[in-house]
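Q: A predicted structure for the sequence below; I have some questions about it.
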Amino acid sequence: MPPSGRNTAKIQILRRQGVLNRHPQAVTDPLFQTGDFFDAHDLLQVKYEMLRRVDVDQSLVTEAAAAFGLSRPAFYHAQHAFAQQGLAGLIPRKRGPRGAHKLTPAVLDFVLQQRAASPSLTIGELMKGVQREFGLVVHRRTLERHLVRQEKKPR
């Protein structure tokens, strides 16, 4: 189901908000085939309707999940998230750590002090210093990104 010209802007907004269904063609439920109100590209709407179909219409989980292009585990995850947080629970969250979780303010200060004291230190030497001082193994790219951000800051 390729997006029409009028739908392109909506798809871009859904993508930016993180609720674009990457597999709208997998949604086979008749409500989403009309193209009027229900939009298979809107993952939030798809998940909500799937939950409603089971809860209100008493459909089987397996049938509802298949009709809405999702798996049974995805149904149960959405059901739990909706019960805990309401509609906001259906919005997908980014996976993985949030931010530089190893680079605490103390570690960042240490790296900047080392670099200020000896600007010729390599990233590898800074990594070894962090490991010695804090017992942390920090990825090379993490330190590089941090140092680039520091150089861009106005003084």
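A: Received, thanks. All values reported here derive from a predicted model rather than from experimental measurement. Numbering: from 1, shown residues only.

Q: tell me which residues of the lowest-mean-pLDDT helix or strand in the chain are tucked away?
A: Every helix and strand of the chain was ranked by mean pLDDT, DSSP states H and E. The lowest is helix 140-152, at a mean of 85. Taking 16 or more other Cβ atoms under 10 Å as the neighbour-count basis, helix 140-152 is seen to contain the buried residues 142, 143, 146. For glycine as for every other residue, the C-beta is placed from the backbone atoms N, C-alpha and C.

Q: who are the packing partners of it?
A: Judged by 3 or more Cβ pairs under 8 Å, 6 or more residues apart in numbering; DSSP states H and E, the packing partners of helix 140-152 are helix 105-117, helix 123-134.

Q: apply 6 Å and report the result again.
A: In terms of contacts (3 or more Cβ pairs under 6 Å, 6 or more residues apart in numbering; DSSP states H and E), helix 140-152 is packed against helix 123-134.

Q: the helix it packs on versus helix 140-152: what angle between them?
A: Counting by axes from the mean of the first three to the mean of the last three Cα atoms, to 10 degrees, helix 123-134 points 100 degrees away from the direction of helix 140-152.

Q: return the distance of helix 123-134 from the chain's centre.
A: In terms of Cα atoms, centre = their mean, to the nearest Å, the gap separating the centre of helix 123-134 from the centre of its chain is 31 Å.

Q: list the helices and strands it packs on?
A: On a contact count with 3+ Cβ pairs under 6 Å, 6+ apart, helix 123-134 meets helix 105-117, helix 140-152.
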